[in-house]
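Peer 1: Sharing a model that was predicted from the sequence below.
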Amino acid sequence: MNNPDIRVIIPAYNEENAVGLVIDEIPKRLVSEVIVVDNDSSDNTAEAAKKRGATVILQSKKGYGNACLKGMEYIKNSSTQPDIVVFLDGDHSDYPEKMVELIQPIIGNKAEMVIGSRALGQKQRGSMTFPQIFGNWLSTKLLKLIYGVKYTDLGPFRAIKYSSLLLLHMKDRTFGWTVEMQLKIAKLSLRFVEIPVDYRVRVGKSKVSGTIKGALMAGYKILYTIFKYR
C-alpha cells in the first residue's frame, strides 16, 4: 500500500479547549483529511476545529457511535474513498503522533485493524479511572472467553482498513462502538494487532467516566454488546 489515503474521524462533544490541540498534533503529511464530528456541542468545538483546518460536520443525535457513524457516512458520500480510517478522541488524552506507528501494520499488510492499547503503554497518573481500568479488564476477558480473541484494551485510538470497516456493518450508536468493532473483527477472522500507546490526563472533565451515571451506562452497554453478538 503505497501513499495510502488516510482520513481521521474525531467524535467531539464540548471539546473546544482540546480539539485544536489534537488536530495540531496529527501528522499532517500522512493524512488527507481530518473530520471532526461535532456531537451537538453547546460550546465552540466546531469553531475551534475549523480554525485548525478540519472538516466539521454536525451530528445532532448524541452518542459516541452516532458521531462515528456520521463520520463514516460523510466519507461514503465523498468523491473518493480512503484506504485507511483512523478514529481518535477529541479530548487530547491520546498522542496523535503515534498514528505513524498505528498505521504501519496495515500498510505492511500485516493487519486489517490496529488498536492503540493503553494497557501496553504508559498511563499518566489519573488518566484512567478505576471503573475504566476494571471495565477494560473485564471486557477483554469476556471477549477472549466468548470469541476466543485476545485483546488488552478497548482503546478508542485505532486504525482500520476502510474496506474492512465496511464489512463490519457497524451499528452501535453509543458506548458499545469500540467493542462492537473488535468483536466483529474476531467473528470475521480478520487480522488485528495491538501497539502500545501512552495516555495522559484529558483536557476537561469526561462526560462518561467523569460521572457515576456515565460510567455505569457505558459499562452496561459494553457488556450488553459483547453478549448481543455471541
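Peer 2: Noted; the coordinates are in hand. These numbers were taken from a predicted model, which means no experiment stands behind them.

Peer 1: so where's the chain uncertain?
Peer 2: 207-214 (pLDDT under 70).

Peer 1: Can you pull up the most central residue in it?
Peer 2: residue 156 (3.2 Å; Cα atoms, centre = their mean).

Peer 1: Name the helix or strand for the residue lying closest to that one once chain neighbours are set aside, please.
Peer 2: Spatial nearest neighbour of residue 156, chain neighbours left out: residue 89 (4.9 Å); criterion: Cβ to Cβ, 6 or more residues apart in numbering. Every C-beta, even on glycine, is put in place using the N, C-alpha and C of the backbone. For residue 89, there is no helix or strand it lies in under DSSP states H and E.

Peer 1: What of the one 4 residues further on?
Peer 2: Element membership for residue 93 (DSSP H and E) is empty, with no helix or strand holding it.

Peer 1: Determine the three-state secondary structure at residue 115.
Peer 2: strand (DSSP: H, G, I helix; E, B strand; the rest coil).

Peer 1: Just the element for the closest residue to it other than its chain neighbours, please.
Peer 2: Leaving aside its chain neighbours, residue 115 sits nearest to residue 194 (4.7 Å; criterion: Cβ to Cβ, 6+ apart). Per DSSP H and E: residue 194 is located in strand 192-196.

Peer 1: for residue 216, same thing?
Peer 2: Short version, using DSSP H and E: residue 216 is in helix 212-228.

Peer 1: Need the contact partners of that helix.
Peer 2: Contact with helix 212-228 is made by 129, 131-132, 135, 138-139, 142-143, 146, 154, 172, 174-176, 179-180, 183, 206-209, as judged by Cβ atoms under 8 Å, 6 or more residues apart in numbering.

Peer 1: still on that earlier bit, just confirm the residue nearest to residue 115 contacts residue 118, I think it does.
Peer 2: No. Counting by Cβ atoms under 8 Å, residue 194 stays clear of residue 118, with 10.0 Å between them.

Peer 1: joint contacts of those two?
Peer 2: With Cβ under 8 Å, 6+ apart, residue 194 and residue 118 have common neighbours residue 153.
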